[in-house]
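Undergrad: Okay, here's the prediction I keep looking at, along with the sequence it came from:
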Amino acid sequence: MSGDSDSDDCDMPGLVSNGTDGVPAPGGAGAALDEEEDLGEEMYVDSLAPSVDLFSAKKFKTAEDCLEHCKEVHGLDLAVLKRRLSMDTFSYIRFVNYVRSESPSPGFVMSLSSGAKWGDLKFMKPVIPDDPLLMFNFEEELDPQDEEEENGFEIDISRELNDEIANPRNFHNQLSTASTNSEDSCIASNVTFEEDLVKMSLDKFNDLKKQFDAMSLELREKDNELKAVFEDMTKMKGVAQTLFNSGGEAEKPFSKTKHKVVPVSEARTVEEDHSYFQSYAHYSIHHEMLSDSVRTSSYRDALVKNPERLRDALVLDIGCGTGILSMFAAEAGAKAVVGVDCSDIIYQAMDIVRENKMDDRVKLVKGRLEETELPYDKFDIIVSEWMGYFLLFEGMLDSVLAARDKYLAPGGMVLPNRCTIELCAISDHERYDSLVGFWSDVYGYKMSCMRGPILADASVEVIPKDLVVSNSANVLDLNINTCTVADTEFSSNFDLKITKDCELTGILGYFDTFFDLPVPAMFSTGPQVKPTHWKQTVFYLPEKLPVKKNETIPCKMVCKRMKTDARALKVSLTLDDKTYRYTVD
């Protein structure tokens with residue numbers, strides 16, 4: 001399959017050269033990738049914007065200066081609020097956004113006895129994007145032990161209750177003072193005092209004891225909650241520190257432990273993937289794929305010419321499109337075929353199956369495979385045409401592997417069962433000059449800045465076989481019956497042996513697909529054979545590279561998924577110690 005996929009321009013890597021004697025490509029950075037660099041893990045930390053005062057339009061260079069101003073000028077003491085309201089980092093974030101959106105006065109805020117005003121989760125959304133106050137280290141900078149008093153008043157309920165029971169003189173004095181209050185006079189009327197003794201009814205004593213026990217329990221629970229929050233925040237800070245440190249100079253050698261590769265179905269919801277599925281709803285893309293005789297006839301031969309393998313089998317067709325593979329499987333003798341597709345093309349496929357009188361054996365289901373219930377628990381064969389440009393673009397293989405792990409019966413098989421990626425060198429001056437050199441003179445004007453974005457994007461096109469000037473090197477070999485999603489990110493060292501004196505203009509990538517059955521089938525998307533709708537993927541060099549016949553060029557490719565678009569790819573290509581970056585999207 002092949003189709004368009006949106007990507008985030010901000011995540012597009014620049015084209016770079018890291019040779020000490022090389023010149024950085026226009027529009028790119030002159031830095032090289034480190035060994036085994038993780039292309040998806042770059043972090044960029046821009047300088048923070050000024051901190052805006054909570055109660056005016058005044059701006060400050062740092063969050064600390066801003067909060068100090070709030071305390072000195074407006075009387076907003078966060079340390080007091082933190083202690084009084086048991087605020088943690090999350091309640092602080094909600095507090096800041098509450099003040100910015102509701103504009104309460106500082107006096108009103110300081111008079112509150114609870115954080116209910118900003119308890120709504122809607123206040124977790126920043127009012128000011130990248131607000132420096134939200135990045136203030138609230139937990140450590142405002143340590144509740146830093147201050148002994150809250151504007152001269154320390155509030156400690158448990159201490160007061162202890163004082164009532166253990167120090168009757170104090171309690172008597174407080175009651176005497178408070179007896180002028182109509183509310184407190186009711187309490188005093190139930191209590192009498194004799195020297196060092198306080199006399200009260202048993203009911204009154206039990207009531208006070210219950211209050212004390214309840215408040216003590218509440219304090220213990222709050223203390224446990226705070227400890228749990230502090231532990232969570234400590235873990236979060238550790239993770240954040242690790243991430244930031246990874247962006248700078250590491251103190252230890254690069255770890256070759258692979259990070260977890262997230263499947264597309266986890267990275268994107270169906271709603272987020274709507275444009276992707278919608279692109280397969282239009283007839284034009286199916287006309288293009290069905291017209292690709294290399295592709296379609298290879299699948300037909302693999303299925304129809306192996307009736308012994310298909311007879312009475314339960315077959316699952318993932319991304320069935322118009323249902324052509326499902327009908328091939330039914331023709332080959334499958335007992336039942338279930339086709340799944342999340343695109344609206346499934347409705348045309350239902351009409352096609354009925355029109356060909358195969359609806360008794362072929363059942364079609366609309367939905368994303370990972371989130372759809374199927375009529376059978378296990379299938380003998382899973383077939384899918386999942387391949388994208390440069391094999392891995394679109395990430396549809398993830399759904400095939402998910403289906404394999406959940407639905408494939410013991411002894412079952414995924415078709416195709418093996419795919420490889422091959423690379424070779426090309427010398428295509430005409431195409432290079434029209435695409436890259438074009439910007440040197442556009443109606444008499446120089447537009448050199450346009451070269452960078454063009455070079456950074458891998459180009460999908462058909463390359464004549466006589467422009468290939470090296471051997472083909474295998475950089476990936478996937479066994480679809482055993483591989484994992486992590487295997488779709490790879491790093492490979494390889495050599496290209498040049499076949500004639502020339503100037504290299506780029507590296508060409510293509511894939512081969514295999515059906516290892518009793519009657520085998522395969523097809524290639526390389527330049528040496530009949531073109532397919534996948535064409536080839538070309539990584540153009542920023543400058544032409546002179547080479548000699550029989551010269552061996554040491555190379556390396558690193559291929560990873562984009563962070564901002566799980567269906568797109570980032571590629572790093574090294575030739576003769578010079579490294580370039582590309583995107584396949």
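TA: Sure thing, it's come through.

Undergrad: give me the low-pLDDT residue ranges for this structure?
TA: Scanning the chain with the threshold set as pLDDT under 70 gives 1-48, 142-198, 234-259.

Undergrad: Let's see that with 50 instead.
TA: 4-47, 144-189, 247-257 (pLDDT under 50).

Undergrad: longest strand of it?
TA: strand 502-515 (DSSP state E).

Undergrad: partners of that strand in the sheet?
TA: strand 418-426 (antiparallel), strand 521-524 (antiparallel), strand 536-547 (antiparallel) (DSSP bridges).

Undergrad: Which one of the ones you listed lies nearest to residue 453?
TA: Between residue 453 and the strands paired with strand 502-515, the shortest separation by Cβ to Cβ is 12.0 Å, and it involves strand 536-547. Just so you know, the C-beta spots here come from the backbone N, C-alpha and C atoms, and that holds for glycine as well.

Undergrad: Remind me what the helix or strand following that closest one packs against, helices and strands.
TA: Where DSSP states H and E defines the elements, the next helix or strand beyond strand 536-547 is strand 552-561. For strand 552-561, the packing partners by 3 or more Cβ pairs under 8 Å, 6 or more residues apart in numbering; DSSP states H and E come out as strand 418-426, strand 473-479, strand 490-497, strand 569-575.

Undergrad: Identify whichever of these lies nearest to residue 377.
TA: strand 473-479 (24.4 Å).

Undergrad: for the stretch 301-450 of the chain, what spans make up the helices?
TA: Using DSSP state H, counting those that start in this stretch, the helices of the stretch 301-450 of the chain run over 307-310, 324-331, 345-355, 397-407, 429-435.

Undergrad: As a markdown table, those with distance to residue 530 and mean neighbour count would be great.
TA: As requested, these are arranged in a markdown table below (distance: least, Cβ to Cβ, whole Å; neighbours: other Cβ atoms under 10 Å):
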| stretch | distance to residue 530 | mean neighbour count |
| --- | --- | --- |
| helix 307-310 | 26 | 17 |
| helix 324-331 | 19 | 24 |
| helix 345-355 | 26 | 18 |
| helix 397-407 | 24 | 19 |
| helix 429-435 | 20 | 15 |
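
Undergrad: what's the closest of those helices to residue 262?
TA: In terms of Cβ to Cβ, the element of the helices of the stretch 301-450 of the chain nearest to residue 262 is helix 397-407, at 9.1 Å.

Undergrad: What is the subsequent helix or strand relative to the top helix by length along the chain?
TA: In the chain, assigned by DSSP state H, the helix with the most residues is helix 202-246. Toward the C-terminus, helix 202-246 is succeeded by helix 264-267 as the next helix or strand (DSSP H and E).

Undergrad: ok, then the element right after that following helix?
TA: helix 274-279.

Undergrad: can you give me the angle the helix or strand that that following helix is followed by makes with helix 345-355?
TA: Using DSSP H and E, the helix or strand that follows helix 274-279 in sequence is helix 283-291. Helix 283-291 runs at 50 degrees relative to helix 345-355, counting by axes from the mean of the first three to the mean of the last three Cα atoms, to 10 degrees.

Undergrad: Now do helix 283-291 and helix 324-331, the angle between them.
TA: Interaxial angle, helix 283-291 versus helix 324-331 (the same axes, to 10 degrees): 50 degrees.

Undergrad: would you put the C-alpha positions of stretch 425-435 in CSV?
TA: Taking C-alpha atoms only, stretch 425-435 is exported to CSV below (Å, rounded to 0.1, in the frame of the first residue of the first chain):
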residue,chain,number,x,y,z
ALA,A,425,24.1,4.0,-5.5
ILE,A,426,22.9,6.0,-8.5
SER,A,427,24.4,8.6,-10.8
ASP,A,428,21.4,10.6,-12.3
HIS,A,429,22.7,14.0,-13.4
GLU,A,430,19.6,15.0,-15.3
ARG,A,431,17.2,14.4,-12.5
TYR,A,432,19.6,15.8,-9.9
ASP,A,433,20.2,19.0,-11.8
SER,A,434,16.5,19.5,-12.5
LEU,A,435,15.5,18.9,-8.8
